[in-house]
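S.K.: Any chance you could fold what I've pasted below:
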Amino acid sequence: MVGTDKGAVQGVAAARVDSFLGLRYAKAPVGRLRWRPPEPPSPWKGIASATTYGNRCAQPLRYNDPLSLTEDCLFLNVQRPSGTSRDDHLPVYVYIHGGGLNNGSSSQHDGTLIVQRTGVLVVTINYRLGVFGWLGLPALTGLQGESGNYGLMDQVAALTWVQHNIAAFGGDPDRVTIGGESSGALSVCALLTSPKAAGLFSAAIMQSGYCDTETQADAHYWGTTLAADLGCAAGPQQLACLHAAGTQTLLDAWDALGTPTSAVNTTPTLPLDPRAAVQQGKIRHVPLLIGSNRDEGRYFSLDQVGNDKAGYQAWLQNNLYPADVAAVEAQYPWPATTDQFTAAYLTGAILTDGLIGSLGGCPYRDLIKDFAKVDTTYVYEFNHRTGPGPSPQPAGYIWGASHTAELPYLWPSFDAGVPIAPTFNAAERRLSQQMIAYWGAFVKNGRPNPADQPRWQAINNTQTLLSLQAGNTSTLMTNTQFSQEHNCAFWG
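M.R.: Residues are numbered from 1 along each chain as shown. The predicted model follows:
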């Protein structure tokens, strides 16, 4: 049992790990609290059970994420080594899940293996998603001074809860590392720049993330469009009309707009676009571990499976400026020997190397350069290209080191409905052990250098990064090698 600032909680012990699951860090964001900043939870009497995960935030059915219609979802989880006492002051890793800010849940990221192997505390969090977490609207801005960053505000509230409570679990509030993957890494980038997050963490990890956001005006456009689509005209009754809309109705309307979900800059929470803040050096000065996967784009190019050369050329025409089509096709030519996956592999390479924005490849290299001007920065590329993909379908598709491919090596519970980590061979299990050792060392002291692993040097002075590979074959690679691998001389 542990006493928090709102009441006592009882977790569950298993496999040398104490898990406190489904801890409420904010009031349910329902009723009048829909589209409002999070409020602290009410205290309770007695001992609250903390043995099961809390509700997943409302989200559509997508990939490995089931439909959820539950808006009462602001819960977090704490996992620690069994036997930890308040006097241990263990370092803390707070993880923010990905999913495009539209999907995902803390329940996908059981931290048992990280806790067992590194001895750190792991905290995973839920935050509002999609239309419930990121809706901007002039009427809301008029009332609150900004709108559209409710999910980010939730993350700040969770980190504030950690500052107030983690010592009771045996954690050290002065040694908190935040981390995330994909949109979780975007969240990390935003928190690195947000004045609201000052003093809440001391190091950061970004996996396959980005830093780009939209303006308050952009968010207003999408919110106004959504309201009009739902028949909620601008005026004194607009907010009441939107509050009356059901969860499924709002999810469907947001989906029909193409889920235009983004954190919102030019606001009190994010005064600057985080990408611009990184370029200007206006970010928190903390150690950073950051990296991407060799074949990020293969996750996003599945719609090209089965396309022929003509279909590939049509994709180029639809996704590039007309003046660039011929040069890109020459750089990524249609081969003489092909199969049903050729178009997907080619478009995946183009997406990885130059078109996904700051998610991987050359744009990510440029983002890292800007970070390294400000902070001590450790860089990796996940380069294991023959492991299991996010899904066994389509049969025969070679995922390579696609987006999300690294996650099961750190979080064995992460999958797309079909278990991934249990299928690892011996070499892949060693890679998992190595990655957890590196991540754990970084959480402990801001340097990913456990005693039993090859030395990982910061990129600042060495211009080297760590190529993560199976079977204890991870090795340093130069920034020049990375640039050549992704055709950065071509992409500029």
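S.K.: quick one: secondary structure of the nearest residue to Ala441 once chain neighbours are set aside?
M.R.: Of all residues not flanking Ala441 in the chain, Pro450 sits nearest, at 4.3 Å (Cβ to Cβ, 6 or more residues apart in numbering). All C-beta atoms are positioned from the backbone trio N, CA, C, and that covers glycine. Under the three-state scheme (DSSP: H, G, I helix; E, B strand; the rest coil), Pro450 adopts coil.
S.K.: same question, Met477
M.R.: strand.
S.K.: now Ser19
M.R.: Applying three-state DSSP: Ser19 is strand.
S.K.: List the single closest residue to it in space, sequence neighbours excluded.
M.R.: Gln79 is the one closest to Ser19 (Cβ to Cβ, 6+ apart), at 4.9 Å.
S.K.: What separation is there between the one you found and Ala185?
M.R.: 21 Å (Cβ to Cβ, to the nearest Å).
S.K.: neighbour-wise, which of these two wins?
M.R.: Ala185 (27 against 23; other Cβ atoms under 10 Å).
S.K.: Quick one: residues contacting that one.
M.R.: Listed by Cβ atoms under 8 Å, 6 or more residues apart in numbering, the contact partners of Ala185 are Gly98, Gly179, Ile205, Met206, Gln207, Ser208, Gly209, Tyr210, Ile290.
S.K.: rerun at 7 Å
M.R.: Met206, Gln207, Ser208, Gly209 (Cβ atoms under 7 Å, 6 or more residues apart in numbering).
S.K.: Could you dump the residues you listed into a markdown table with pLDDT added?
M.R.: Formatted as a markdown table, those follow (pLDDT from 0 to 100):
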| residue | pLDDT |
| --- | --- |
| Met206 | 98 |
| Gln207 | 98 |
| Ser208 | 97 |
| Gly209 | 93 |
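S.K.: The residue nearest to Thr464 when sequence neighbours are not counted - how many residues pack around it?
M.R.: With sequence-adjacent residues excluded and distances taken as Cβ to Cβ, 6+ apart, Thr464 is closest to Leu476, at 4.7 Å. Using other Cβ under 10 Å, Leu476 is surrounded by 14 other residues.
S.K.: thinking Leu476 is in contact with Leu468, fair?
M.R.: No: Leu476 lies out of contact with Leu468 (Cβ atoms under 7 Å); the separation is 11.0 Å.
S.K.: Kindly report the domain assignment for the chain.
M.R.: 2-217+261-286, 291-491 (automatic domain parsing).
S.K.: So which of those domains is nearest Ala245?
M.R.: domain 2-217+261-286 (9.5 Å; Cβ to Cβ).
S.K.: where's the closest one relative to the chain centroid, distance-wise?
M.R.: Centroid displacement of domain 2-217+261-286 relative to its chain, using Cα atoms, centre = their mean, to the nearest Å, is 11 Å.
S.K.: Endpoint to endpoint, that domain covers what distance?
M.R.: This stretch, domain 2-217+261-286, spans 30 Å end to end (Cα to Cα, to the nearest Å).
S.K.: Report the buried residues of stretch 377-386.
M.R.: By 16 or more other Cβ atoms under 10 Å, the buried positions in stretch 377-386 come out as Thr377, Tyr378, Val379, Tyr380, Glu381, Phe382, Asn383, His384, Arg385.
S.K.: For the fourth one, which non-adjacent residue is closest in space?
M.R.: Translated: Tyr380. With sequence-adjacent residues excluded and distances taken as Cβ to Cβ, 6+ apart, Tyr380 is closest to Gly291, at 3.5 Å.
S.K.: The one you found against Glu381, yeah?
M.R.: Yes: the criterion here is Cβ under 7 Å, and Gly291 meets it with Glu381 at 5.8 Å.
S.K.: Return the longest helix in this protein, judged by number of residues.
M.R.: Longest helix of the chain, by residue count under DSSP state H: helix 426-445.
S.K.: And for it, what's in contact with it?
M.R.: Contacts with helix 426-445, where a contact means Cβ under 7 Å, 6+ apart, come from 91, 93, 113-114, 117-118, 120, 177, 203, 205, 289, 384, 387, 409-410, 424, 447-450, 452-453, 456, 468-472, 474.
S.K.: Many thanks, I have nothing further to ask.
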